[in-house]
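> Fold the following.
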Amino acid sequence: MNDENTTTPKKGKLKIFLGYCAGVGKTYRMLQEALASKERNIDVVMGLVETHGRKETNALAHSLEEIPRKKIDYSGITLTEMDLDAIIARNPRLVLIDELAHTNLPQSRHTKRYQDVEEILNNGIDVFTTLNIQHVQSLIDIIQQITNIKVEETIPDRIMELAAEIELVDLPPEKLQQRLAEGKVYIPEKAKQAMQMFFKRGNLLALRELSLKYTAKRVDIDLLSYREKEEISNIWPIESKILVGIGSGKVTEKLLLIAHRMATDLEAEWYAVHVESPQQAQLTTKARNQLYRNIRLAEELGAKVVSLSGNVIADEIIRFAKQKNVTLIIAGLSRRSRLEEFFKGSILTRLVKKSSPINVLAVGGDDTPQLQRAAQPLAAKKIKYKEHLLALLSLVITVFICWLLSPWLTPFNILMLMFLTTIASGILWGSEVGVASSILAVAAVDFFFVPPLYSFAISDMQYLSDFVVFILVTFFISMLGRFIRWRASSARYRERFISALYNFSHEMMIAESMEDILNRAVKNTAEAFDSDVVMLLPNTSGQLELVHKNNAALVLNEAEKAVALWVYKNGRPAGRSTNTLSSATWYYVPLKTQDVISGVICVMKSDIEKSFTQEQKRLLEAFASVIALAITKATTNK
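Numbers count the residues shown, from 1 in each chain. Purely as a prediction, here's the structure:
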């Protein structure tokens with residue numbers, strides 16, 4: 001088979017001329033760009049350009065070839081529409097298509113014009129098109145709040161992401177209103193009505209700011225992509241970006257609030273970063289719960305929460321900050337003693353040393369936690385009695401075997417055998433057990449096998465250096481074993497989390513109807529968490545009602561329904577094992593996508609005495625997001 005006949009044609013490039021309102025000059029600017037392309041001997045045609053009778057726009061349009069429009073009979077009236085097949089048959093290098101969000105006539109091949117554009121792009125033809133900011137799907141709720149008008153014609157955000165270039169066409173609101181009054185946008189009667197409604201100065205200012213911010217965000221994405229492609233690590237302080245680290249202490253709450261206030265004042269993007277490290281494996285249940293509360297607080301405050309993984313926390317934060325072009329890092333003062341900082345180091349100190357040119361703001365915390373920590377007795381630290389006893393038993397067995405073989409072994413050979421035992425103890429039971437075991441091993445070798453025998457005296461000083469190296473190597477290998485165990489544990493957790501979420505997402509994707517979505521959601525959630533599940537959705541009057549459950553006998557009393565209603569209105573989890581309405585029997589999670597809440601899922605352990613762990617809560621919230629997306633999609637497609 002000829003490869004040339006099977007090669008997929010190269011896709012065309014899409015350029016969007018974006019404006020904040022009709023009349024800012026998008027079509028005029030598109031035609032100017034098209035004429036400049038024609039002068040460079042590029043084959044340009046007009047697929048569909050709406051000049052609205054404007055003289056200046058008409059003058060530019062007459063200089064370009066136009067594909068005749070297709071005539072369609074609709075309700076006894078002959079209307080015209082863009083001829084998609086004629087454009088593809090003509091196969092120009094570049095085609096101009098106005099009003100990307102337009103809805104086609106029913107007889108057309110595609111419902112929306114942006115779908116026509118996708119087909120044209122797939123045929124290798126470049127497209128210039130125009131769009132107003134109010135037609136971007138992710139912004140329609142904001143537009144409605146600004147203008148009190150619900151926009152019906154929208155394009156999905158993926159089309160915006162598909163664009164190779166977005167050019168902002170801007171015009172001051174005063175000039176736009178002047179153009180409107182002069183009849184250059186609409187006919188005088190319609191213009192007067194428009195100025196009293198959509199074209200009010202406040203609306204125009206808000207829409208203009210929205211379009212500027214949207215375009216700036218797109219430019220920022222392009223900039224980050226360029227920096228990553230060119231492997232540029234230097235910070236370009238074009239705009240303020242803030243990063244704050246999330247730890248397991250109460251002081252993190254203060255850091256998050258400070259970062260939120262600064263980001264709001266500066267209108268800056270901000271990140272809340274948590275680094276999973278070997279130290280996390282030693283967190284108590286209380287500290288781990290505080291960590292998850294801090295992560296939830298960051299999400300509620302609007303931060304972009306990011307989880308990283310690494311052995312050195314400060315290095316991972318710096319690496320991420322430079323990658324995202326962060327300009328300010330907010331960190332808390334170290335709560336470690338000077339002795340601890342000598343052995344373990346200080347995250348803040350390392351951040352300050354390695355952060356340049358990023359600024360670091362050190363924030364002091366409450367002294368109370370420090371005092372409480374200092375007051376704890378050293379004996380409060382949990383000792384691994386069982387592990388130490390097992391290590392001691394293994395040493396005794398090894399010493400006995402070495403004693404039997406001592407006529408044929410040198411002290412160095414015996415030291416190597418003991419080394420294997422201590423290394424195994426350190427890897428299996430931790431660095432503390434490994435170091436203790438190595439000290440006992442050195443003492444045993446010195447006492448039983450190094451002259452003078454049955455004495456801790458050393459006749460040859462070479463043995464002393466061997467013993468020191470023995471202990472140090474055991475310590476470092478034990479630390480390495482601890483790091484490997486943490487890595488393996490983290491990988492297993494991520495694998496379980498991703499596997500469960502993938503399987504659940506797959507179930508939601510293959511659901512064929514709303515009833516099927518609810519059935520699969522309830523069934524799979526009940527199986528994943530070994531729990532009873534109830535799904536509540538709003539009815540036509542906006543009241544929550546029970547629509548599905550995994551057990552026909554399940555009911556919610558009035559008190560439980562009140563909790564569900566609170567979750568639905570506030571968009572936050574509540575109920576059992578939370579700090580909100582904790583007296584409830586069930587655990588409630590909102591079915592939420594962005595700012596839209598589709599309903600509430602209620603979950604209760606089969607063993608009512610047990611509570612959900614923080615990991616289970618995170619997975620359940622991920623499940624709830626997937627359910628919400630599936631419900632939104634099913635509702636939209638009705």
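> quick one: which helix or strand includes Ala206?
Using DSSP states H and E, Ala206 sits in helix 201-229.
> Same check on Thr129?
Counting by DSSP H and E, Thr129 is part of strand 126-132.
> now for that strand, which elements pack on it?
If you count contacts as 3 or more Cβ pairs under 8 Å, 6 or more residues apart in numbering; DSSP states H and E, strand 126-132 packs onto strand 14-19, helix 26-39, strand 94-97, helix 113-122. C-beta: built from backbone N, CA, C; applies to glycine.
> Other residues contacting the last one?
This means helix 113-122. 9, 11-14, 47, 82, 84, 87-88, 95, 97, 99-104, 108-110, 127, 129, 155-156, 159, 162 (Cβ atoms under 8 Å, 6 or more residues apart in numbering).
> got the CA positions of it in CSV?
The C-alpha trace of helix 113-122 is given here as CSV (Å, rounded to 0.1, in the frame of the first residue of the first chain):
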residue,chain,number,x,y,z
ARG,A,113,-20.4,26.7,13.3
TYR,A,114,-17.4,25.8,15.4
GLN,A,115,-18.0,22.2,14.3
ASP,A,116,-17.8,23.3,10.7
VAL,A,117,-14.5,25.0,11.6
GLU,A,118,-13.1,21.8,13.1
GLU,A,119,-13.9,19.9,9.9
ILE,A,120,-12.2,22.6,7.8
LEU,A,121,-9.1,22.4,10.1
ASN,A,122,-9.0,18.7,9.8
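> Now do it against strand 126-132, angle only.
160 degrees (axes from the mean of the first three to the mean of the last three Cα atoms, to 10 degrees).
> Next, the angle strand 14-19 makes with helix 113-122.
Relative orientation of helix 113-122 and strand 14-19, computed by the same axes, to 10 degrees: 150 degrees.
> Can you mark which positions in helix 113-122 are buried?
Using 16 or more other Cβ atoms under 10 Å as the burial criterion, the residues of helix 113-122 that qualify are 113-118, 120-121.
> Over to stretch 247-265?
By 16+ other Cβ under 10 Å, the buried positions in stretch 247-265 come out as 247-249, 251-256, 258-260, 262-263.
> Which of the contacts of helix 113-122 are buried? Put it as a ChimeraX command.
Only the buried entries of these go into this ChimeraX selection, using 16+ other Cβ under 10 Å:
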select :11,12,13,14,47,82,84,87,88,95,97,99,100,101,102,104,108,127,129,155,159,162
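> Can you pull the poorly scored residue ranges out of the stretch 201-350 of the chain?
Residue ranges of the stretch 201-350 of the chain with pLDDT under 70: 220-239, 278-285, 334-345.
> ok, which stretches of it are helices?
Taking DSSP state H, counting those that start in this stretch as the criterion, the stretch 201-350 of the chain contains helices spanning 201-229, 251-266, 285-300, 313-323, 338-344, 347-354.
> end-to-end on stretch 529-545?
23 Å (Cα to Cα, to the nearest Å).
> got a list of contacts for that stretch?
Contacts of stretch 529-545 (Cβ under 8 Å, 6+ apart): 518, 521-522, 525-526, 546-551, 554, 556, 561, 564-565, 568, 586, 598-606, 612, 616, 620, 631.
> Now restrict these to buried residues only.
Listed as buried from those are 518, 521-522, 525-526, 547-550, 556, 561, 564, 568, 586, 598-605, 612, 616, 620, 631; burial here means 16+ other Cβ under 10 Å.
> Okay, and which of these map to helices?
Members of the buried ones among the contacts of stretch 529-545 lying in helices (criterion: DSSP state H): 518, 521-522, 525-526, 561, 564, 568, 616, 620, 631.
> which two from the residues you listed end up farthest apart in space?
Put simply, by Cβ to Cβ the two of these set farthest apart are Lys561 and Gln616, 23.8 Å from each other.
> what about the helices in the stretch 401-550 of the chain?
Going by DSSP H, counting those that start in this stretch, the stretch 401-550 of the chain shows helices at 411-429, 431-448, 462-509, 514-529.
> Reformat these as TSV; add mean pLDDT and distance to Ile295.
Putting the helices of the stretch 401-550 of the chain into TSV (pLDDT from 0 to 100; distance: least, Cβ to Cβ, whole Å) gives the following:
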stretch	mean pLDDT	distance to Ile295
helix 411-429	75	31
helix 431-448	76	28
helix 462-509	70	14
helix 514-529	86	20
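> So which of those helices is nearest Lys324?
helix 462-509 (22.0 Å).
> Just give the closest residue to Thr632, not the sequence neighbours.
For Thr632, ignoring the flanking residues on the chain, the nearest one in space by Cβ to Cβ, 6 or more residues apart in numbering is Thr593 at 5.6 Å.
> Tell me the bridge partners for the one you found.
Using DSSP bridges, the bridge partners assigned to Thr593 are Val596.
> in terms of contact, does Ala574 touch Trp566 like I think?
Yes. Judged on Cβ atoms under 8 Å, Ala574 makes contact with Trp566 at a distance of 6.1 Å.
> picking up where we left off before, which of the buried residues of helix 113-122 are the two that sit furthest away from each other?
Arg113 and Leu121 (12.7 Å).
> Quickly note the distance from the residue of the chain most remote from its centre to Asp446.
Distance from the C-alpha centroid of the chain, by Cα atoms, centre = their mean, peaks at Pro452 (65.4 Å). According to Cβ to Cβ, to the nearest Å, Pro452 and Asp446 sit 10 Å apart.
> Ok, Ser541 next?
From Ser541 over to Asp446 (counting by Cβ to Cβ), the distance is 85 Å.
> between the two, which one's more packed in?
The neighbour comparison of Ser541 against Asp446 (other Cβ atoms under 10 Å) goes to Asp446, with 21 against 6.
> surely that one meets Phe456?
Yes. Between Asp446 and Phe456 there is a contact under Cβ under 8 Å: 5.6 Å.
> Check which helix or strand Pro590 maps to.
Pro590 belongs to strand 587-593 when assigned by DSSP H and E.
> Okay, angle between that strand and helix 514-529 too, please.
Using the same axes, to 10 degrees: strand 587-593 against helix 514-529 is 130 degrees.
> For strand 587-593, list the C-alpha coordinates in CSV.
Taking C-alpha atoms only, strand 587-593 is exported to CSV below (Å, rounded to 0.1, in the frame of the first residue of the first chain):
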residue,chain,number,x,y,z
TYR,A,587,-20.9,11.7,55.7
TYR,A,588,-22.1,14.1,53.0
VAL,A,589,-20.2,15.3,49.9
PRO,A,590,-21.5,17.8,47.3
LEU,A,591,-21.6,16.7,43.6
LYS,A,592,-19.7,19.8,42.4
THR,A,593,-18.1,20.9,39.1
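> Can you name the residues that contact Gln134?
Contacts of Gln134 (Cβ under 8 Å, 6+ apart): 21, 140, 143, 147, 151, 207.
> hmm, which two among those residues are most spread apart?
Cys21 and Ile140 (15.2 Å).
> Which one's more surrounded, those two?
Set side by side, Cys21 and Ile140 show more neighbours around Cys21, with 22 against 17, by other Cβ under 10 Å.
> What strand or helix carries the more buried one?
Using DSSP H and E, Cys21 falls within no helix or strand.
> Which residue, other than its chain neighbours, is closest to it?
Leu207 (5.7 Å).
> can you list the domains in this protein?
Under the assignment automatic domain parsing, the domains of the chain span 9-222, 241-367, 385-482, 511-636.
> do you know how far Cys602 is from Phe529?
As judged by Cβ to Cβ, Cys602 and Phe529 stand 12 Å apart.
> Let me fix that, I meant to ask about Leu105.
Relative to Phe529, and taking Cβ to Cβ, Leu105 is found at 49 Å.
> got it, and Ser425?
38 Å.
> neighbour-wise, which of the two wins?
A direct count of neighbours by other Cβ under 10 Å for Ser425 and Phe529 places Ser425 higher, at 28 against 21.
> quick one: that one and Val49, what's the gap?
79 Å.
> Equivalent analysis for Ser394, please.
84 Å.
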